[in-house]
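S.K.: Sequence and predicted structure are below.
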Amino acid sequence: MRPALALVFAFVLGLAPGAAFAGWEATEWGMTPEQAQAAMPELKALRFGDTLDVGRALSSGPHAVNGLKGRAKLYYGPGGLEQVSVDAVKSGKGASVCPKLVQAMLDRYGQPLMALDDVIFRVVIWHDEPRQTRVRMLVGLGGELCSLHYERLATFRERDLQRVSARP
């Protein structure tokens, strides 16, 4: 009887509200556009979405981070949802929101795994292991421009960890 009880207990825990799943917000990596839009009704289908190396933007919708408003674009490849980009994060007052967004990310994820200075942008990366999500923030133009990218962690984990261990 105990093994059966343990199996039921494990199953219930897996269904419990707040149980971690891999993805962004209410979506999961690998979802189709229709599944993502069903999970998040505020998402709308894009007819002419742009294309990145991970796939094509086929869904879009509003997204807010600590009251800072932006627009999320969901990119899908052959394996379903691969990346979410949140661009044009604004406060509505014309002031740079990047310092607020950086603080919101630090509050949520803690210290980043790495921060790299690229030619144009500062790239800050966190690994959200419970959600199997890589969070990549780009900050440029002296903090006037910033964007967030949520990506399937499995695609980047090894490369990121190698970069961190190779640093002096």
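M.R.: Happy to help now that I have it.

S.K.: show me where this protein has strands.
M.R.: 44-45, 51-52, 55-65, 68-77, 80-90, 114-117, 121-128, 133-140, 145-152 (DSSP state E).

S.K.: I'd like to check which residues are in contact with the one residue sitting closest to the centre of the chain.
M.R.: Averaging the C-alpha coordinates of the chain gives a centre point, and the residue nearest to it by C-alpha atoms, centre = their mean is residue 150 (2.2 Å). Going by C-beta atoms under 8 Å, 6 or more residues apart in numbering, residue 150 touches 24, 83-86, 133-136. (C-beta placed from N, C-alpha, C; glycine too.)

S.K.: make it 6 Å
M.R.: Residue 150 sits next to 24, 84, 133, 135 when contact means C-beta atoms under 6 Å, 6 or more residues apart in numbering.

S.K.: quick one, what contacts the closest residue to residue 156 other than its chain neighbours?
M.R.: Distances taken as C-beta to C-beta, 6 or more residues apart in numbering place residue 134 nearest to residue 156, at 4.8 Å, with adjacent residues excluded. Contact analysis of residue 134 by C-beta under 6 Å, 6+ apart lists 127, 151, 153, 156.

S.K.: Repeat the analysis, applying 10 Å as the threshold.
M.R.: Contacts of residue 134 were listed using C-beta atoms under 10 Å, 6 or more residues apart in numbering, and they are 83, 113, 125-128, 149-157, 159-160.

S.K.: Report the residue spans of the protein with pLDDT below the cut-off.
M.R.: By pLDDT under 70, the low-scoring segments of the chain are 1-21, 88-96, 141, 143, 168.
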